[in-house]
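[1] okay, sequence plus prediction incoming.
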Amino acid sequence: MGCTSCASGADGQPKGCKNNGTCGTDGCNKLTVFDWLSNMTLPNNMEPFKGVEVRFKNGRKHFYRNSESLTLSIGDIVATEAESGHDIGIVTLTGELVRVQMKKKKENPNPENLPKIYRKASQKDIDLWQKLRSREADVQKQSRVIAIRLGLKMKISDVEFQGDASKVVFYYTAEERVDFRDLIKEFARTFSSRIEMKQIGFRQEAARLGGIGSCGRELCCSTWLTDFRSVNTAAARYQQLSLNPQKLAGQCGKLKCCLNFELDTYLDALDGFPKSDVKLATEKGMAVCQKTDIFKGLLWYAYEKEGMNWHQLSLENVKEIIAVNKKGNKVASLEEFIEEVVISDKEIFSSVVGQDSITRFDKPKRSNKRRSNKGNQRNQNRSNNESKNTSKASGNSKNKRKNNNRKRKPQSNAK
């Protein structure tokens, strides 16, 4: 936020990184590499590797030759050789790790065949470079308007200027083949530069644009993932995930790359489980596997005629039944091997603070009808009690009058 490339505002507050990954301190770069050999010295009589890894906009990286033996470190801005003119990039890796990266990407580790680095970028080169970066958003909007006017079924997802402003690269996605000959002519007249069109896939588009995944972290393809392996729905089936395309698809519209991360662990765990198509032979009938819990080591079986009644069995009991069936015998029933799970009364979760309950929102709210009914009943009871009290009071007054009259009568007779 406060580096030289991001700079600061007039009031001293950081303006924020608006360079789209061209931060000079390498703090906001994509696909960064940690140089764990930086503190180690080379053996005697060994020259340092002349190859250098340079990153350009977003995740585009190339290898170059340090023919001038420049003292380069990670984060330096350099001018590199291009097809026409030169380009500006950031050094992301130097030393022996560059050789390892080249072997990983199946490139020839001989640095003599690589394009060379001209020099460290001057202030004039950096000013022009940042000026071109600020123009890319407007150029992208204009290019989309032109493509829509020509009626082309394509989406221009990103624009990248070469460091010397001699060429503009337009990255686009399309489901069908696009004839963009008229589009290139229109772009050349509008932007007054050489035009290059590059078609990328939907995964590469998501990697260039970046974003936040459903896990709450940055996309793997835009931060550290360099190779895109094919992902099948079988990976979701092995991990017992619901085949919901809205949950399994990423921002690129394809299956999430993270489905392959834990697939090998699940496959190793499933080797100890019987296959789901293996049936258990019992005297009550054949039983079919309905569900498997890899973590708890439990399986659920049901008779073919009673598909709704599942019986929970442990993995050891299932293997025992299968061993009996292989000998040509049948077990009496599945009920003899049911695994009873004892649920402890111990509290599963307790709040650290001890004030709020995690299930406080699970209790249903009382409806207003019940409250109104209770209020009406209370009012009726009150009215009934008041009427009873008034009737009692009136009855008591009548009795008092009768008693008074009885007392007065003998006095009149005496006279």
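    Everything's here; your move. Residues are numbered from 1 along each chain as shown.

[2] show me the contacts for residue 105.
    Counting by Cβ atoms under 8 Å, 6 or more residues apart in numbering, residue 105 touches residue 226. For glycine as for every other residue, the C-beta is placed from the backbone atoms N, C-alpha and C.

[3] how about residue 286: what's its closest non-neighbour residue?
    Leaving aside its sequence neighbours, residue 286 sits nearest to residue 279 (Cβ to Cβ, 6 or more residues apart in numbering; 4.8 Å).

[4] give me the neighbour count for the one you found.
    14 (other Cβ atoms under 10 Å).

[5] for residue 146, same thing?
    16.

[6] tell me the mean pLDDT for the host helix or strand of it?
    Secondary structure here is read from DSSP states H and E; on that basis residue 146 sits in helix 123-149. The pLDDT scores in helix 123-149 average 92.

[7] residues in contact with residue 303?
    Counting by Cβ under 8 Å, 6+ apart, residue 303 has contacts 282, 284-288, 309, 334.

[8] same deal with residue 49?
    So residue 49 contacts 95-96, 98-99, 111 (Cβ under 8 Å, 6+ apart).

[9] and it, how far from residue 97?
    The gap separating residue 49 from residue 97 is 9 Å, by Cβ to Cβ, to the nearest Å.

[10] so for stretch 305-313, what's the average pLDDT?
    The model assigns stretch 305-313 a mean pLDDT of 86.

[11] go on, stretch 108-120?
    88.

[12] and it, how far apart are its ends?
    End-to-end distance for stretch 108-120, by Cα to Cα, to the nearest Å: 25 Å.

[13] quick check: buried residues in it?
    For stretch 108-120, the buried set under the neighbour-count rule, 16 or more other Cβ atoms under 10 Å, comprises 111, 114-115, 117-118.

[14] quick one: distance of that stretch to the chain centre.
    38 Å (Cα atoms, centre = their mean, to the nearest Å).

[15] same question, stretch 88-106
    That offset, for stretch 88-106, works out to 29 Å (Cα atoms, centre = their mean).

[16] ok, stretch 290-297 next?
    With Cα atoms, centre = their mean, you get 26 Å for stretch 290-297.

[17] just stretch 115-125 next, same as before
    With Cα atoms, centre = their mean, you get 38 Å for stretch 115-125.

[18] swap in stretch 52-72?
    For stretch 52-72, the distance to the chain centre is 31 Å (Cα atoms, centre = their mean).

[19] okay, that stretch in PDB with CA atoms only?
    Extracted in PDB, the C-alpha atoms of stretch 52-72 (Å, rounded to 0.1, in the frame of the first residue of the first chain):
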ATOM      1  CA  VAL A  52      16.000 -15.100 -15.100                       C
ATOM      2  CA  GLU A  53      12.200 -15.500 -14.700                       C
ATOM      3  CA  VAL A  54      10.300 -12.300 -15.600                       C
ATOM      4  CA  ARG A  55       6.600 -11.700 -15.000                       C
ATOM      5  CA  PHE A  56       4.400  -9.400 -17.000                       C
ATOM      6  CA  LYS A  57       0.800  -8.500 -16.600                       C
ATOM      7  CA  ASN A  58      -1.200 -11.000 -14.500                       C
ATOM      8  CA  GLY A  59       0.300 -14.500 -14.600                       C
ATOM      9  CA  ARG A  60       2.200 -14.200 -17.900                       C
ATOM     10  CA  LYS A  61       5.800 -15.300 -17.300                       C
ATOM     11  CA  HIS A  62       8.800 -15.900 -19.500                       C
ATOM     12  CA  PHE A  63      12.500 -16.800 -19.100                       C
ATOM     13  CA  TYR A  64      15.300 -14.500 -20.300                       C
ATOM     14  CA  ARG A  65      19.100 -14.500 -20.400                       C
ATOM     15  CA  ASN A  66      21.100 -12.200 -18.300                       C
ATOM     16  CA  SER A  67      23.700 -11.700 -20.900                       C
ATOM     17  CA  GLU A  68      25.000  -8.400 -19.400                       C
ATOM     18  CA  SER A  69      25.600 -10.000 -15.900                       C
ATOM     19  CA  LEU A  70      23.400  -7.400 -14.300                       C
ATOM     20  CA  THR A  71      22.900  -7.600 -10.500                       C
ATOM     21  CA  LEU A  72      19.200  -8.500 -10.400                       C
END
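
[20] which parts of that stretch are buried?
    Buried-residue list, stretch 52-72, by 16+ other Cβ under 10 Å: 52-59, 61-66, 72.

[21] tell me which of these is nearest to residue 184?
    For the buried residues of stretch 52-72, the residue nearest residue 184 by Cβ to Cβ is residue 57; the value is 20.8 Å.

[22] not counting sequence-adjacent ones, nearest residue to the closest one?
    residue 160 (4.8 Å).

[23] looking at this, the one you found is in a helix?
    No: counting by DSSP: H, G, I helix; E, B strand; the rest coil, residue 160 falls outside a helix, being strand.

[24] first-to-last residue distance for stretch 286-306?
    End-to-end for stretch 286-306, by Cα to Cα: 10 Å.

[25] inside strands: which ones of the buried residues of stretch 52-72?
    Counting by DSSP state E, those place 52-55, 61-65 in strands.

[26] I'd like these laid out as TSV, including distance to residue 122.
    TSV is the format used below for these (distance: Cβ to Cβ, whole Å):
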residue	distance to residue 122
52	18
53	22
54	17
55	19
61	23
62	21
63	23
64	18
65	21
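
[27] which two of those residues have the greatest separation?
    55 and 65, at 16.3 Å, using Cβ to Cβ across those.

[28] any regions of this protein where pLDDT drops low?
    Within the chain, the segments meeting pLDDT under 70 span 1-30, 339-379, 381, 383-415.

[29] what about 80?
    1-35, 38-39, 44-45, 59, 226-227, 339-415 (pLDDT under 80).

[30] all strands of it, in order?
    Under DSSP E, the chain gives strands at 51-55, 61-65, 77-81, 86-94, 117-120, 155-161, 167-173, 194-199, 280-282, 285-293, 298-303, 311-314.

[31] good, we can wrap up now.
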